[in-house]
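Visitor: fold the following and give me the result.
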Amino acid sequence: MFASFLITFREGLEAFLLVGIILSYMHKLGVRHFNKYVYLGVILGSSFLLVLPLSSRW
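Guide: Numbers count the residues shown, from 1 in each chain. Alright, predicted model coming up:
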């Protein structure tokens, strides 16, 4: 069980780093007005991740 936790934690950390890299690159390019789409993707992906296991139980 601890191994599953470590893998999940590592993948979450990797996703967090990728979103940070994307946001910082967009800031460097001067297209910060598109940040809302990155945040929307994070919210939709996270909500899908939470809803999918619940829907597969029924």
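
Visitor: going by C-alpha atoms from here, please, whenever you check contacts or count neighbours.
Guide: OK.

Visitor: now for this protein, the helix or strand with the poorest mean pLDDT.
Guide: helix 35-56 (a mean of 92; mean pLDDT, DSSP states H and E).

Visitor: scan the protein for its longest helix.
Guide: Counting by DSSP state H, the longest helix found in the chain is helix 2-29.

Visitor: roughly how far apart are the spatially most central residue of the chain and A3?
Guide: With distances taken as Cα atoms, centre = their mean, V42 lies nearest the centre of the chain, 4.5 Å away. According to Cα to Cα, to the nearest Å, V42 stands 25 Å off from A3.

Visitor: what of M26?
Guide: Relative to A3, M26 is positioned 35 Å away (Cα to Cα).

Visitor: neighbour count: these two, which is higher?
Guide: Neighbour count, other Cα atoms under 10 Å: between M26 and A3, M26 has more, with 15 against 8.

Visitor: burial count for the residue nearest to the more buried one when sequence neighbours are not counted?
Guide: Spatial nearest neighbour of M26, excluding adjacent residues (Cα to Cα, 6 or more residues apart in numbering): R32 at 6.0 Å. Here the number of neighbours of R32 (other Cα under 10 Å) works out to 13.

Visitor: gap between the longest helix of the chain and the chain center?
Guide: 7 Å (Cα atoms, centre = their mean, to the nearest Å).

Visitor: give me the average confidence score over it.
Guide: Computed over helix 2-29, the mean pLDDT rounds to 95.
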